[in-house]
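> Sequence first, predicted model second:
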Amino acid sequence: GTFKGHTQAVYSVACLDVWLLTASRDKTVRVWNEATRKQTAILGGGDAETGHSAPIRTMALQDRLLYTGSDDKTIRQWEWRAGAMVRVYRGHKDGVTDLKLLDKFLFSSSFDMTVRTWSVDNGSCVRICQAEAGLRGLEVAAGKIFGAGN
């Protein structure tokens with residue numbers, strides 16, 4: 001079936017139990033109950049105070065916490081069940097293209113040709129890896145960071 005609610009293209013999907021989360025060009029994340037097909041929440045709304053101010057390209061979901069990456073160059077941490085934004089991660093100089101979680105670290109790639117490693121405990125950037133081109137995606141495996149780019 002189809003879940004309708006976003007006003008523009010959906011760029012990312014995440015699932016946990018009966019929950020489906022969708023991120024969109026419309027600058028919002030929508031939370032759906034997959035079993036009932038009902039939308040239960042909207043995160044963000046289009047300005048920097050309540051959420052992203054540009055399209056959301058990527059998400060990483062871990063239990064009660066959701067991380068979203070956007071063309072506005074920021075990453076936002078949400079307590080998605082409560083609908084509350086917890087923290088803003090700033091540092092990228094271009095849009096955030098992918099997010100991955102591993103242990104207590106969040107990894108982000110960007111069109112700014114970097115992969116940043118963030119502490120999820122305090123939101124600080126603990127490492128920056130420089131690439132040779134803008135990055136569209138990343139994977140973290142076997143203690144290594146792999147980037148996909150132009």
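Yep, that arrived.
> pLDDT at G46, what is it?
With respect to pLDDT, G46 scores 59.
> likewise Y89?
Listed pLDDT for Y89 reads 97.
> and T114, how many neighbours does it have?
By the measure other C-beta atoms under 10 Å, the count of residues near T114 is 21. For the C-beta atoms, the positions are set from N, CA and C on the backbone; glycine is no exception.
> show me the contacts for it.
Residues in contact with T114 (C-beta atoms under 8 Å, 6 or more residues apart in numbering) are 92, 128-131, 135.
> Next: V126.
Residues near V126 by C-beta under 8 Å, 6+ apart: 105, 117-119.
> Can you list the strands that the worst-scoring helix or strand of the chain on mean pLDDT pairs with?
Lowest mean confidence among the helices and strands of the chain (mean pLDDT, DSSP states H and E): strand 144-149, at a mean of 92. When sheet partners are counted by DSSP bridges, strand 144-149 sits next to strand 135-141 (antiparallel).
> Alright, I will stop here.
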